[in-house]
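Chemist: Fold the following.
(one chain, ligands or ions: 1)
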Amino acid sequence: MWMAVDVEEQLRKLWLLLIMQIGMSKPRAASIDGKLSAEFAVPSHVDAVKELMSAFAERHGAAGRRVVLITSGGTKVPLESRTVRFLDNFSSGRRGASSAEYFLDCGYAVIFLHRHRSLYPYARLYAGVNLLDGLRLGGSGGCTDQEVVVDQEALPKIGRVLRRYQEVKRDGLLLPVEFSTLSEYLHLLKASAQVLGTLGSKAMFYLAAAVSDFYIPASDMPEHKIQSSNGPLQISMKMVPKILSPLVKDWAPQAFVISFKLETDTSILLDKARKALDTYRHQAVVANVLDTRRGYVVVVTPDTQAELILTDEDASKEVEIEEKIVSNLTGAHA
Ligand code: 9Z3
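Modeler: Okay, here's the model as predicted:
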């Protein structure tokens, strides 16, 4: 009898202890962080890239410069481990690449976390030109060392663009970091957030990449090519962890954080943007619709809502909407 009461009492204490521990931990951020390492293989080069980002942040922080981390481009999600097929999305990386140029013009140093082969600052202006159509053979030189000249009509404003690109490179103001897989994107973003967290309110995050919401965990993925002879394909995908949550709460709590919200249905856009602000408690959401994203966005903050529109006059002067977005956000950051 005594024994039984004792065991019951011990169990009650253990139960209380367990409840207290659950209550004291931070379940959300901790579980996202845990899930990240458990379900997405840590790429081998993350530590080396983190060191580069640290040195970059330290140098520019010491010079009193603000630093922005821009994410850019889409992601592809493999369906097989020996990947033949994957799910991709539309993003070209133009938003991120052109915004990087405007941030540099505003005096920021830029870490450009972009998808491999998506558009790149400055070079993006000539993305549609075949390199060989932009060059001509000059008059002098022989067969092997013949002079090559730039065709200014094929590459308009190339002199000005090249000068700016070289200035930015010379001054070490742009740190390009590439990702190919979703795992690389998530781990590199985490590393950059931990690094920029040290700059406090001088850091900005501009999360323009179109990141997949869904993925297939490695453990659920078939190794070999899925056979069409097995009939129609049904796949089940898991939710990609919402990395914005630990970024804002744990890694860079003083930074100025801007996420992007993309919809195809205009009627739900602003509600979704407000919901994101309520959930993550960051500074601003840039809301855009797929078809009109080059000419219209709304910058939503907890207390304001600014419509940014590219007029016909703007377009005729080759003004881009990213110039207006960056001007709005750098003003708020200052
Ligand atoms: C954007 O909304 C960007 O503005 C675009 C830019 C990807 C539309 P492009 O690269 O396009 O210039 O061709 N980015 C974020 C899109 C996104 O996936 N957001 C998620 C969501 O809306 C979560 S942050 O739910």
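Chemist: elements contacting the helix or strand containing Leu269?
Modeler: Here Leu269 sits within helix 266-280, counting by DSSP states H and E. With contacts taken as 3 or more C-beta pairs under 8 Å, 6 or more residues apart in numbering; DSSP states H and E, helix 266-280 sits against helix 244-246, strand 256-263, strand 284-289, strand 296-300. All C-beta spots, glycine's among them, are computed from the backbone N, C-alpha and C.
Chemist: Quick one: distance of the last one to the chain centre.
Modeler: When C-alpha coordinates are averaged (C-alpha atoms, centre = their mean, to the nearest Å), strand 296-300 and its chain have centres 18 Å apart.
Chemist: I'd like the next helix or strand past it.
Modeler: Beyond strand 296-300 toward the C-terminal end (DSSP H and E), the next one is strand 305-309.
Chemist: Contacts for that next one, please.
Modeler: 270, 295-299, 321, 324-325, 328 (C-beta atoms under 8 Å, 6 or more residues apart in numbering).
Chemist: Let me have the residues you listed in JSON lines, extended by distance to Thr75, pLDDT and neighbour count.
Modeler: Converted to JSON lines, the contacts of strand 305-309 look like this (distance: C-beta to C-beta, whole Å; pLDDT from 0 to 100; neighbours: other C-beta atoms under 10 Å):
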{"residue": "Leu270", "distance to Thr75": "25", "pLDDT": "98", "neighbour count": "16"}
{"residue": "Gly295", "distance to Thr75": "25", "pLDDT": "97", "neighbour count": "16"}
{"residue": "Tyr296", "distance to Thr75": "25", "pLDDT": "98", "neighbour count": "16"}
{"residue": "Val297", "distance to Thr75": "21", "pLDDT": "98", "neighbour count": "27"}
{"residue": "Val298", "distance to Thr75": "24", "pLDDT": "98", "neighbour count": "18"}
{"residue": "Val299", "distance to Thr75": "24", "pLDDT": "98", "neighbour count": "20"}
{"residue": "Ile321", "distance to Thr75": "23", "pLDDT": "98", "neighbour count": "22"}
{"residue": "Lys324", "distance to Thr75": "27", "pLDDT": "98", "neighbour count": "18"}
{"residue": "Ile325", "distance to Thr75": "22", "pLDDT": "98", "neighbour count": "25"}
{"residue": "Asn328", "distance to Thr75": "27", "pLDDT": "98", "neighbour count": "19"}
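Chemist: Out of those residues, which is nearest to Asp171?
Modeler: Minimum distance to Asp171 across those is 23.7 Å, recorded for Ile325 (C-beta to C-beta).
Chemist: What is the strand or helix carrying that closest one packed up against?
Modeler: Per DSSP H and E, Ile325 falls inside helix 321-333. Judged by 3+ C-beta pairs under 8 Å, 6+ apart, the packing partners of helix 321-333 are helix 94-105, strand 203-207, strand 256-263, strand 284-289, strand 296-300, strand 305-309.
Chemist: and the longest one, what does it pack onto?
Modeler: Other helices and strands packing on helix 94-105, by 3+ C-beta pairs under 8 Å, 6+ apart, are strand 67-72, strand 109-115, strand 203-207, helix 321-333.
Chemist: in it, what counts as buried?
Modeler: For helix 94-105, the neighbour count (16 or more other C-beta atoms under 10 Å) marks 94-104 as buried.
Chemist: Tell me who's in contact with Glu101.
Modeler: 121-122, 164.
Chemist: got a winner among the residues you listed for most neighbours?
Modeler: Among the contacts of Glu101, the one with the most neighbours (other C-beta atoms under 10 Å) is Pro121, at 27 neighbours.
Chemist: now, which of the contacts of strand 305-309 sits nearest the ligand?
Modeler: The ligand lies nearest to Val297 out of these, by C-beta to the nearest ligand atom, at 7.4 Å.
Chemist: Pull out the buried residues from stretch 178-197.
Modeler: 178-179, 181-197.
Chemist: Turn the helices and strands packed on helix 321-333 into TSV, including distance to the ligand.
Modeler: Output for the helices and strands packed on helix 321-333, formatted as TSV (distance: least, C-beta to the nearest ligand atom, whole Å):
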stretch	distance to the ligand
helix 94-105	3
strand 203-207	6
strand 256-263	3
strand 284-289	5
strand 296-300	7
strand 305-309	12
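Chemist: of all those, which lies closest to Val68?
Modeler: strand 203-207 (4.2 Å).
Chemist: tell me the mean pLDDT for the closest one?
Modeler: The predicted model assigns strand 203-207 a mean pLDDT of 98.
Chemist: Please apply the same query to stretch 178-192.
Modeler: 96.
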